[in-house]
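Trainee: sequence plus predicted model, see below.
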Amino acid sequence: MGHEAAVAIIYHFGNSIPTVDELKLPTNAVLILAVLADGYSHGFAIRREIDARTAGHVRIGVTTLYRMLNQLQKAELVEESSERPSPQFDNERRRYFSITTAGRRVLRDEIKKLERVVAALRPLASKART
């Protein structure tokens, strides 16, 4: 993944260049990669799957989705897929996307980071409820 492309989709603070461990993808990007890890999909189906997986807690707008897909493509984490369903189940205007090998690696790393955050918060959960 090119550094310029990665920085374009990474949130970080300050003027310094973040280290690899400091890089953090936006939640929407992680969710898109997670959906595509299960197989190629088109935009509306990605939105619908994110809505289902998050029980409606995360809803991605059309513009946000395609902007994020474009940024993920530039970062070489996602690519436009040549795979398509049979014509009777397809709409020729749909664009299908799939995750790349680099995208799978980044997704795996992001999941590990999120698991560490959840593990760190778990002991605090009971305190937050009081």
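Mentor: Structure received.

Trainee: now for the biggest helix by length in the chain, which elements pack on it?
Mentor: Longest helix in the chain by number of residues (criterion: DSSP state H): helix 101-129. Here helix 101-129 touches helix 27-36, going by 3 or more Cβ pairs under 8 Å, 6 or more residues apart in numbering; DSSP states H and E. (C-beta placed from N, C-alpha, C; glycine too.)

Trainee: right, and the helix or strand after the helix it packs on?
Mentor: strand 41-42 (DSSP states H and E).

Trainee: what residues sit buried inside the longest helix of the chain?
Mentor: Within helix 101-129, the residues that count as buried by 16 or more other Cβ atoms under 10 Å are 103, 106-107, 110.

Trainee: what's the farthest-apart pair in the residues you listed?
Mentor: 103 and 110 (10.3 Å; Cβ to Cβ).

Trainee: mutual contacts of these two, please.
Mentor: Listed as contacting both residue 103 and residue 110 by Cβ atoms under 8 Å, 6 or more residues apart in numbering are residue 33.

Trainee: least confident secondary structure element in this protein?
Mentor: helix 3-9 (a mean of 48; mean pLDDT, DSSP states H and E).

Trainee: show me what the helix or strand hosting residue 71 is packed up against.
Mentor: Using DSSP H and E, residue 71 sits within helix 62-74. Helix 62-74 sits against helix 3-9, helix 27-36, helix 43-53, strand 78-80, with contacts defined as 3+ Cβ pairs under 8 Å, 6+ apart.

Trainee: what comes into contact with it?
Mentor: 5, 8-9, 26, 28-29, 32-33, 43, 46-47, 60, 78-80, 97, 103.

Trainee: which of those residues are buried?
Mentor: Of these, these count as buried by 16+ other Cβ under 10 Å: 5, 9, 28-29, 32-33, 43, 46-47, 60, 78-79, 97, 103.

Trainee: great, nothing more from me.
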